[in-house]
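> model this:
(chains A and B)
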Amino acid sequence: EAQVTQNPRYLITVTGKKLTVTCSQNMNHEYMSWYRQDPGLGLRQIYYSMNVEVTDKGDVPEGYKVSRKEKRNFPLILESPSPNQTSLYFCASSLSSARRTYEQYFGPGTRLTVT
Amino acid sequence: AQKVTQAQTEISVVEKEDVTLDCVYETRDTTYYLFWYKQPPSGELVFLIRRNSFDEQNEISGRYSWNFQKSTSSFNFTITASQVVDSAVYFCALRLAGGTSYGKLTFGQGTILTVHP
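Take a look at the predicted model:
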C-alpha cells in the first residue's frame, strides 16, 4: 500500500530534550516536506526536500533541522524543543518536476507536546 | 512571497444546503498551482483538487465544484446539497511552478465546516 508513515504518532517531552520524528514513504517520491498545524494558522511549511541531499527552508524553519540521506526518509529533528513547538506535525511527499507539480500525500500526523 | 487567505474561519449549515468556501491568493508569479485539501475529524489530510494557473475552466466532481478566477485571484469551492460527512476543515493552498522556490507550498488558515443533520 502506498503511504507516508510517521513515528511516533504522539509524543510528550520536556524542554531541551532532543527528539526526532521520522517520516518514510514507499512511493519513490523525490519531494518531501514537513508542516506544522496550529489552530487559526493552518499548515505552515517547515522544511522541504526536492531530492536526496537537497533541502531548503520553508516559512517556519527556526528550531528545526532535517536531513535527506535516502530518498524514502526525511526525519525532522528538534535539537532543543521548546513549548512553542507544541503542535501537530505532518510529513508529505510527492513526485517532483521543474515543469509541473503534483498533489502531496500526507502522513497521519504526529502530535507533539513540549512541557 | 505568496499568501493564501481563507476569510471564513467557521461555517455552519444544515444538511442539503449549498455552501461555498472562499479562497483568495496572492503571488507575483504567473505560473502556479492551487489545491484544496480536506481534513475530516479523524485528522488526515485528503487531496481534493489541483488547478494550474493556465487553466481557468471550472471543475465539477459530483457534489463538489471549483470556481477559479484569475482576475480576482480566487479559487472558491462549492459543495452542493451538503451532507454531514462533509463536516471537516478545508484548506486551500498555493505552490509556485517555477523558479527557485517551487518546492514551497503555502496554505490558508483553513475553514471549519460543520453540517448539521
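
> which SS class is the residue nearest the centre of chain A?
Centroid-nearest residue in chain A, with C-alpha atoms, centre = their mean: A:Trp34, separated by 2.6 Å. In three-state terms, and counting by DSSP: H, G, I helix; E, B strand; the rest coil, A:Trp34 is strand.

> contacting residues around it?
A:23, A:45-48, A:58, A:64, A:66, A:74, A:76, A:89-92 (C-beta atoms under 8 Å, 6 or more residues apart in numbering or on different chains). Every C-beta, even on glycine, is put in place using the N, C-alpha and C of the backbone.

> Which of those residues fall within helices?
Taking DSSP state H, every one of the contacts of A:Trp34 sits outside helices.

> Let me have those residues in CSV, adding neighbour count as columns.
As requested, the contacts of A:Trp34 are arranged in CSV below (neighbours: other C-beta atoms under 10 Å in any protein chain shown):
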residue, neighbour count
A:Cys23, 25
A:Gln45, 24
A:Ile46, 24
A:Tyr47, 24
A:Tyr48, 25
A:Gly58, 21
A:Tyr64, 20
A:Val66, 21
A:Phe74, 29
A:Leu76, 22
A:Tyr89, 23
A:Phe90, 26
A:Cys91, 28
A:Ala92, 24
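
> Any residue of the helix or strand encompassing B:Arg95 touching chain A?
In the assignment (DSSP states H and E), B:Arg95 maps to strand B:88-96. Yes. Applying C-beta under 8 Å from any C-beta of the partner chain, one finds strand B:88-96 touching chain A at B:91, B:93, B:95.

> Please spell out the ChimeraX selection for the buried subset of these.
Buried members of the residues of strand B:88-96 next to chain A, defined by 16 or more other C-beta atoms under 10 Å in any protein chain shown, are picked up in ChimeraX with:
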select /B:91,93,95
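
> hey, where'd the strands end up in chain B?
B:3-5, B:10-14, B:19-21, B:24-26, B:32-39, B:46-52, B:59-61, B:64-69, B:74-79, B:88-96, B:105-107, B:111-116 (DSSP state E).

> just checking, what packs against the longest strand along chain A?
Taking DSSP E as the criterion, chain A has its longest strand at strand A:42-51. Strand A:42-51 sits against strand A:31-38, strand A:54-57, strand A:65-66, strand B:88-96, strand B:105-107, with contacts defined as 3 or more C-beta pairs under 8 Å, 6 or more residues apart in numbering or on different chains; DSSP states H and E.

> how about these, which one is nearest A:Pro108?
Smallest distance to A:Pro108 across the helices and strands packed on strand A:42-51 (C-beta to C-beta): 12.4 Å, for strand A:31-38.

> where does chain B have its least confident helix or strand?
Every helix and strand of chain B was ranked by mean pLDDT, DSSP states H and E. The lowest is strand B:59-61, at a mean of 85.

> Report the distance from it to the chain centre.
Between the centre of strand B:59-61 and the centre of its chain there are 13 Å (C-alpha atoms, centre = their mean, to the nearest Å).

> any residue of it up close to chain A?
No. Strand B:59-61 stays clear of chain A (C-beta under 8 Å from any C-beta), getting no nearer than 13.9 Å.

> what's across from B:Arg95 in the sheet?
Legend: beta-bridge partners of B:Arg95 under DSSP bridges are B:Tyr33, B:Leu105.

> B:Asn52 touches B:Tyr32, doesn't it?
Yes. Using C-beta atoms under 8 Å, B:Asn52 is in contact with B:Tyr32, at 7.4 Å.

> more neighbours, these two?
A direct count of neighbours by other C-beta atoms under 10 Å in any protein chain shown for B:Asn52 and B:Tyr32 places B:Tyr32 higher, at 21 against 15.
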